[in-house]
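Chemist: after the sequence you'll find the predicted model.
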2 protein chains.
Amino acid sequence: MPSPAGVTDLRKSTHAIPDATVARLPIYHRVLTSLLESGVESVSSHELAEVCGVNSAKLRKDLSHLGSYGTRGVGYRVEYLLFQIAREIGYAQDWPVVIVGVGNLGNALAGYAGSADRGFRIVGLIDSDSDLVGQTIAGVEVRDLAELETVIAEHSASIGVIATPASAAQAVCDRLVASGVTSILNFAPSVLTVPQGVDVRKVDLGTELQILAFHQQQRAEGLRTRKTSKRTSPSTALENIS
Amino acid sequence: MPSPAGVTDLRKSTHAIPDATVARLPIYHRVLTSLLESGVESVSSHELAEVCGVNSAKLRKDLSHLGSYGTRGVGYRVEYLLFQIAREIGYAQDWPVVIVGVGNLGNALAGYAGSADRGFRIVGLIDSDSDLVGQTIAGVEVRDLAELETVIAEHSASIGVIATPASAAQAVCDRLVASGVTSILNFAPSVLTVPQGVDVRKVDLGTELQILAFHQQQRAEGLRTRKTSKRTSPSTALENIS
DNA sequence: CAGACTTTGTGCGATCATTCACAAGCGTTC
DNA sequence: GAACGCTTGTGAATGATCGCACAAAGTCTG
């Protein structure tokens, strides 16, 4: 995970939800939403775990970090659990997000986070290409790179997305941080340097492919093997729901 | 990280490179490439680690899994180390990749993996939209969804990328697997069910944002704290190189 | 050629994550 | 209302990953 803790003593005392758990909460949330829409009122940890593709014990432990929201012998009330997870991950907050770089990737992101109400609101699209500036994408007008600070201040955005070429990433990052952004999602294939207190997550398409390629190669080398990877997933029984 | 092992006894006996290490090799590779282009011939683990944003001990341990490619008292020869990492992750193999779903995201991927020679070759772009079929993107013609099996067979592709809406993801996945694809990169926000032996990696933009939002909320709650997250990164001294 | 200095490679303990296995608790049935 | 069956919540075991600290092994200097 993905990532070195990053919790202080103080935060740990109040909440103390492991990073690994936090990374899975959005999945639970999505699946539960889907269940709710299907009219399912209650699920057991086994059912939910299968659909989410995780071990049921892990799921229960994850949920236990939020509180005791299940009923023994019965399971979890979908609506109630959904509400609790949503509260925990700040779903209802409608976080203002600024996206820098409106190429294909930025476009995809704008459409994704913009349309589906996932608890985010795109408040700014920034690009340096004068042909793009002024256009409206997903209901938001693209503004010039020079206005980055203005846009952030206007909406008090604290989450920024970098979807620029790698060469521009660090400069953009610096300006985001200087403007008060404390959470950054970086799609550029470069390592960002940020001051303490700023949270950076990196998503690198090339890296993901290379990891797959590695496993693929391993598989090719171990020719005479039967089972290679055991990253299996749920079996059947999820067509019933979604 | 991201992910539950997925190594068999047999594979472990031959190589045994931890997943966490594999996930970092592409980063080392990219940084080393950049160093090589800058004319740097040799690096110490400290220098390299700083630029990569990792602990130097961790970097050395990672590299030690590949073999003893450093020289004590000196460091690592950039070119040699680069070659070894490239060999390990199958960089020179030019893996044939098929992308299903040519929306903004698929487009971005095609441009990314297609242009930069990262060890991949886009051999197929598939979409069900008849307006897209026939167009040429990043030098590859978009083919109809019906031809998925044909395209995969033509190029013996074993890596597939799903960039479709969530509703189509599982169906596409099933067809990929049936056609012999054993590594899948899934961008759709849905949990895929695959038979044993198939490797799936998931990249979910919404999830990433929600994880950031969670940390952001934590920070907001712990108002009177000073240090919140300590996910810091390299300091200075990387302008010298890249 | 010896001694000082540098940097790798790694043994070890600490931390974090996963999984097992079971007691505690709830509903249902008789 | 007591006994049974089911499912949660969690202690404890296992496993993976990380980071320190240091010996081994090389370069450089005089």
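Modeler: Perfect, thanks for sending it.

Chemist: now do the same end-to-end measure for stretch A:83-100.
Modeler: In stretch A:83-100, first residue to last residue: 32 Å (CA to CA, to the nearest Å).

Chemist: how far does it sit from its chain's centre?
Modeler: 10 Å (CA atoms, centre = their mean, to the nearest Å).

Chemist: the longest helix seen in chain A and DNA strand C in contact?
Modeler: Longest helix in chain A, counting residues (DSSP state H): helix A:19-37. Yes. Judged by CB under 7 Å from any atom of the strand, helix A:19-37 and DNA strand C are in contact via A:19-21. Bear in mind the C-beta positions are built from the backbone N, C-alpha and C, glycine included.

Chemist: so what secondary structure elements neighbour that helix?
Modeler: On a contact count with 3 or more CB pairs under 8 Å, 6 or more residues apart in numbering or on different chains; DSSP states H and E, helix A:19-37 meets helix A:45-52, helix A:56-64, helix A:78-88, helix B:205-221.

Chemist: in three-state terms, label the residue of chain A found nearest DNA strand C for me.
Modeler: Closest residue of chain A to DNA strand C, CB to the nearest atom of the strand: A:Gly73 (2.7 Å). Following DSSP: H, G, I helix; E, B strand; the rest coil, A:Gly73 is assigned to coil.

Chemist: look at it and report its pLDDT.
Modeler: If you check A:Gly73, the pLDDT there is 95.

Chemist: so what's the residue count around it?
Modeler: A:Gly73 has 6 neighbours, counted by other CB atoms under 10 Å in any protein chain shown.

Chemist: could you give the backbone dihedrals for it?
Modeler: Dihedral pair for A:Gly73: phi 80, psi -10, per degrees, to the nearest 10.

Chemist: got it, and A:Leu192?
Modeler: Taking degrees, to the nearest 10 as the convention, A:Leu192 sits at phi -90, psi 140.

Chemist: isn't it right up against A:Cys173?
Modeler: Yes. Taking contacts as CB atoms under 8 Å, A:Leu192 lies within contact range of A:Cys173: 4.9 Å.

Chemist: more neighbours, those two?
Modeler: A:Cys173 (24 against 21).

Chemist: surely that one is within a strand?
Modeler: No. A:Cys173 is assigned helix when assessed by three-state DSSP, not a strand.

Chemist: quick one: pLDDT of A:Ala116?
Modeler: With respect to pLDDT, A:Ala116 scores 62.

Chemist: keeping just the C-alphas, turn stretch A:207-221 into PDB.
Modeler: Extracted in PDB, the C-alpha atoms of stretch A:207-221 (Å, rounded to 0.1, in the frame of the first residue of the first chain):
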ATOM      1  CA  THR A 207       4.100   1.100 -13.400                       C
ATOM      2  CA  GLU A 208       0.900  -0.900 -13.100                       C
ATOM      3  CA  LEU A 209       1.500  -2.400 -16.500                       C
ATOM      4  CA  GLN A 210       5.100  -3.200 -15.700                       C
ATOM      5  CA  ILE A 211       4.100  -5.000 -12.500                       C
ATOM      6  CA  LEU A 212       1.700  -7.100 -14.600                       C
ATOM      7  CA  ALA A 213       4.400  -7.700 -17.100                       C
ATOM      8  CA  PHE A 214       6.700  -9.000 -14.300                       C
ATOM      9  CA  HIS A 215       4.200 -11.500 -13.100                       C
ATOM     10  CA  GLN A 216       3.500 -12.500 -16.700                       C
ATOM     11  CA  GLN A 217       7.200 -13.100 -17.200                       C
ATOM     12  CA  GLN A 218       7.500 -15.100 -14.100                       C
ATOM     13  CA  ARG A 219       4.700 -17.200 -15.300                       C
ATOM     14  CA  ALA A 220       6.400 -17.800 -18.600                       C
ATOM     15  CA  GLU A 221       9.600 -18.800 -16.900                       C
END
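
Chemist: quick one: buried residues of that stretch?
Modeler: A:207-219 (16 or more other CB atoms under 10 Å in any protein chain shown).

Chemist: what mean pLDDT does the biggest strand by length in chain A get?
Modeler: Identified as the longest strand of chain A according to DSSP state E is strand A:120-127. For strand A:120-127, mean pLDDT rounds to 95.

Chemist: also stretch A:194-211?
Modeler: The model assigns stretch A:194-211 a mean pLDDT of 94.

Chemist: quick check, that stretch touching DNA strand C?
Modeler: No. Contact of stretch A:194-211 with DNA strand C (CB under 7 Å from any atom of the strand) is absent, the minimum separation being 14.3 Å.

Chemist: next, show the common contact partners of A:Leu192 and A:Cys173.
Modeler: Common contacts of A:Leu192 and A:Cys173 (CB atoms under 8 Å, 6 or more residues apart in numbering or on different chains): A:162, A:184, A:186, A:200.

Chemist: what is the nearest of those residues to A:Ala178?
Modeler: Nearest to A:Ala178 out of the shared contacts of A:Leu192 and A:Cys173 is A:Ile184 (CB to CB; 12.3 Å).
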